[in-house]
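Novice: Below are the sequence and a predicted model for it; my questions follow.
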Amino acid sequence: MKEIIETQLAPAPIGPYSQAVRYNGMLYTSGQIALDPQTGVLNNASVAEETKQVMENLKAVLEAAGLTFEQVIKTSIFITNMDDFGLINSIYSGYFNEASAPARETVQVARLPKDVRVEISMIAGA
């Protein structure tokens with residue numbers, strides 16, 4: 001049975017999608033960008049601030065589903081400039097225990113919604 005996960009502690013969707021869906025014991029998050037959930041304004045003064053906001057948004061979605069980063073199995077990271085990979089990776093890695101780090105891919109793309117530089121989605125065991 002499909003369960004929609006919603007929280008006001010993460011940005012409301014800007015399109016026809018859910019923040020996350022739980023299905024057959026798995027949680028699938030939608031991609032999060034650096035929207036501040038309280039103001040709806042982008043927190044994009046720097047790539048570092050964007051990445052931190054994205055991870056905090058994902059943390060809120062995971063928590064709404066009763067999960068933590070330790071249950072994350074896979075992440076997909078989309079960035080607009082591979083030169084930012086090291087900085088994004090250093091912030092991202094701070095949210096995971098090295099022993100429980102998920103599988104991941106990082107892909108450079110031409111453009112992301114609202115012209116952000118980082119978007120991340122996750123799959124977690126629910």
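Specialist: Structure received. Numbering: from 1, shown residues only.

Novice: all strands for this structure, in order.
Specialist: Ranges of strands in the chain, per DSSP state E, are 3-5, 20-23, 26-29, 72-79, 103-108, 118-125.

Novice: which one of these lies closest to residue 53?
Specialist: Residue 53 sits nearest to strand 118-125 of all those, at 8.9 Å, using CB to CB. In this view, the C-beta of every residue, glycine as well, is placed from N, C-alpha and C.

Novice: now the closest one against strand 72-79, angle please.
Specialist: Here strand 118-125 points in a direction 170 degrees away from that of strand 72-79 (axes from the mean of the first three to the mean of the last three CA atoms, to 10 degrees).

Novice: Dump the strands of the chain to CSV, plus distance to residue 13, mean pLDDT and mean neighbour count.
Specialist: Formatted as CSV, the strands of the chain follow (distance: least, CB to CB, whole Å; pLDDT from 0 to 100; neighbours: other CB atoms under 10 Å):
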stretch, distance to residue 13, mean pLDDT, mean neighbour count
strand 3-5, 11, 98, 14
strand 20-23, 10, 98, 18
strand 26-29, 11, 98, 20
strand 72-79, 17, 98, 19
strand 103-108, 22, 98, 12
strand 118-125, 13, 98, 21
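
Novice: Quick one: closest of those strands to residue 45.
Specialist: With CB to CB, the closest approach to residue 45 among the strands of the chain belongs to strand 118-125: 12.9 Å.

Novice: got a list of contacts for that closest one?
Specialist: With contacts defined as CB atoms under 8 Å, 6 or more residues apart in numbering, strand 118-125 is touched by 25-34, 47, 50-51, 54-55, 58, 62, 65, 67, 71-80, 84, 88, 92, 102, 112-113.

Novice: on that earlier part again, so which of the strands of the chain gets nearest residue 40?
Specialist: Smallest distance to residue 40 across these (CB to CB): 16.6 Å, for strand 118-125.

Novice: what angle sits between the closest one and strand 103-108?
Specialist: Using the same axes, to 10 degrees: strand 118-125 against strand 103-108 is 160 degrees.

Novice: hang on, isn't residue 108 packed against residue 84?
Specialist: No - counting by CB atoms under 8 Å, residue 108 does not reach residue 84; the two are 9.2 Å apart.
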